[in-house]
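Novice: no sequence on this one, just coordinates:
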Ligand code: PBG
């Protein structure tokens, strides 16, 4: 027997047809939300698979320019450039970081020449260039020294801006680096170069595959970055870090890693109301790929669901190794 009282509100009514579901959808994912991180190799005609990141290849600049055509056709607007620096170019003082003929600088110049309106984001940190794999200079005790590191980061950021970076993205977590970089950019006439600060960057174990990809894993030899990256236990501290970077001149801020830190994304957007990005990092990508390869999860569905989760949490954009695949799925929808 049917009851004679009906639910005042049937939540299912708006779910009954796809058109209605779309009409009331609160969040939307589009290709223009995605930033694609790419790994750059020296030489020509080079493509190397990254074993812990199935589907990702390190590419020499000519291959990168070739593949970028497809990414642009899919609607991807922004690439994040990560150089794979040969061992011979690494040193304790990381001077390769600001070499105008360095790999990142060369790649950005070549990409800008080929695609003037492609947005380029550069990573400002010393780990690809130090023989010890830390993001900064170390003293005799092995401690990463702050202010001396910031001086090198400033030179690196300037060389990126000169090479055509639209966005410089300090990922090093030194104190005061955003202010120092902002000032130097202004003084050098790069007042429109944006800064996306990796503000809330945690000392995470999800970065392992990335360190394989750029070849810094062997250098760091099981060491960690806990004296500068944040403790995963903390949330208020992230808000303070972000607020400081904003005061110092950051235009956009980032939370990293992504999925385990969506609470921070939400707090950042709610409390600070600024352009907020999240990085779905290499370990998150690897976990997903492992499940896809085993047939445990459906890639086409889970990729978009995972990215929509970032939008729902408040992210304006997402750095993701799934960018081309996700953009292709969105195009088909
Ligand atoms: C370097 C840097 C890292 C990542 C982005 N920039 C690694 C680290 O801090 O050790 C990680 C990205 C990823 O895991 O996908 N400062």
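Specialist: Arrived safely. All values derive from a computational prediction rather than experimental measurement.
Novice: Residue 131: neighbour count?
Specialist: For residue 131, the tally of surrounding residues (other C-beta atoms under 10 Å) stands at 13. Where you see a C-beta, it was placed from the backbone N, CA and C, and this is true even at glycine.
Novice: Spell out whether the helix or strand bottoming out on mean pLDDT in the chain and the ligand are in contact.
Specialist: The helix or strand of the chain with the poorest confidence is helix 217-220; it has a mean of 79 (mean pLDDT, DSSP states H and E). No - judged by C-beta under 6 Å from any ligand atom, helix 217-220 and the ligand are separated, with a smallest distance of 7.7 Å.
Novice: Can we start the residue count at 30 from this point?
Specialist: Sure, I'll start counting at 30 from here, so that last one is helix 246-249.
Novice: Toward the C-terminus, what is the element adjacent to that helix?
Specialist: helix 265-277 (DSSP states H and E).
Novice: what mean pLDDT does that following helix have?
Specialist: For helix 265-277, mean pLDDT rounds to 98.
Novice: for it, packing partners?
Specialist: helix 206-216, strand 223-230, strand 281-285, helix 291-301 (3 or more C-beta pairs under 8 Å, 6 or more residues apart in numbering; DSSP states H and E).
Novice: Show me which residues of it are buried.
Specialist: For helix 265-277, burial by neighbour count (16 or more other C-beta atoms under 10 Å) applies to 267-268, 270-275, 277.
Novice: can you give me the angle it makes with strand 281-285?
Specialist: Here helix 265-277 runs at an angle of 160 degrees relative to strand 281-285 (axes from the mean of the first three to the mean of the last three C-alpha atoms, to 10 degrees).
Novice: And the contacts of helix 265-277?
Specialist: Helix 265-277 is contacted from outside by 205, 207-208, 211, 226, 228-229, 259-260, 282, 284, 293, 296-297, 300-301, 303, using C-beta atoms under 8 Å, 6 or more residues apart in numbering.
Novice: near the ligand, which residues of the stretch 230-362 of the chain show up?
Specialist: 236, 239-240, 254, 310-311.
Novice: List just the nearest of these to residue 215.
Specialist: Distance to residue 215, by C-beta to C-beta, is smallest for residue 254 among these, at 29.3 Å.
Novice: who touches residue 326 in this structure?
Specialist: 317, 320.
Novice: State the distance from the closest residue to the ligand within the stretch 30-179 of the chain to residue 344.
Specialist: In the stretch 30-179 of the chain, the residue that lies nearest the ligand is residue 154 (3.5 Å; C-beta to the nearest ligand atom). In this view, residue 154 and residue 344 are 21 Å apart by C-beta to C-beta, to the nearest Å.
Novice: Okay, helices next: where are they in the chain?
Specialist: 47-52, 90-102, 132-143, 175-192, 206-216, 237-243, 246-249, 265-277, 291-301, 311-322, 328-342, 352-361 (DSSP state H).
Novice: Where among those is average confidence lowest?
Specialist: helix 246-249 (a mean of 79).
Novice: ok now it, how far from the chain's centre?
Specialist: Its chain's C-alpha centre and that of helix 246-249 lie 20 Å apart, by C-alpha atoms, centre = their mean, to the nearest Å.
Novice: for that helix, packing partners?
Specialist: Short answer (3+ C-beta pairs under 8 Å, 6+ apart): helix 246-249 packs on helix 237-243.
Novice: buried sites along the helix it packs on?
Specialist: 238-243.
Novice: okay if I get those residues as a markdown table plus distance to residue 184?
Specialist: Listed next are the buried residues of helix 237-243 as a markdown table, based on distance: C-beta to C-beta, whole Å:
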| residue | distance to residue 184 |
| --- | --- |
| 238 | 29 |
| 239 | 24 |
| 240 | 24 |
| 241 | 27 |
| 242 | 25 |
| 243 | 20 |
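Novice: Show me which pair in the residues you listed is furthest apart.
Specialist: Spanning the widest gap among these are 238 and 243, at 10.1 Å by C-beta to C-beta.
Novice: follow-up on the earlier one: can I get the helices and strands packed on helix 265-277 in a markdown table with distance to residue 169 and mean neighbour count?
Specialist: Rendered in a markdown table, the data for the helices and strands packed on helix 265-277 read as follows (distance: least, C-beta to C-beta, whole Å; neighbours: other C-beta atoms under 10 Å):
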| stretch | distance to residue 169 | mean neighbour count |
| --- | --- | --- |
| helix 206-216 | 23 | 20 |
| strand 223-230 | 26 | 26 |
| strand 281-285 | 30 | 26 |
| helix 291-301 | 35 | 19 |
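Novice: could the ones you listed be laid out in JSON lines, adding distance to residue 117?
Specialist: Formatted as JSON lines, the helices and strands packed on helix 265-277 follow (distance: least, C-beta to C-beta, whole Å):
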{"stretch": "helix 206-216", "distance to residue 117": "27"}
{"stretch": "strand 223-230", "distance to residue 117": "28"}
{"stretch": "strand 281-285", "distance to residue 117": "30"}
{"stretch": "helix 291-301", "distance to residue 117": "39"}
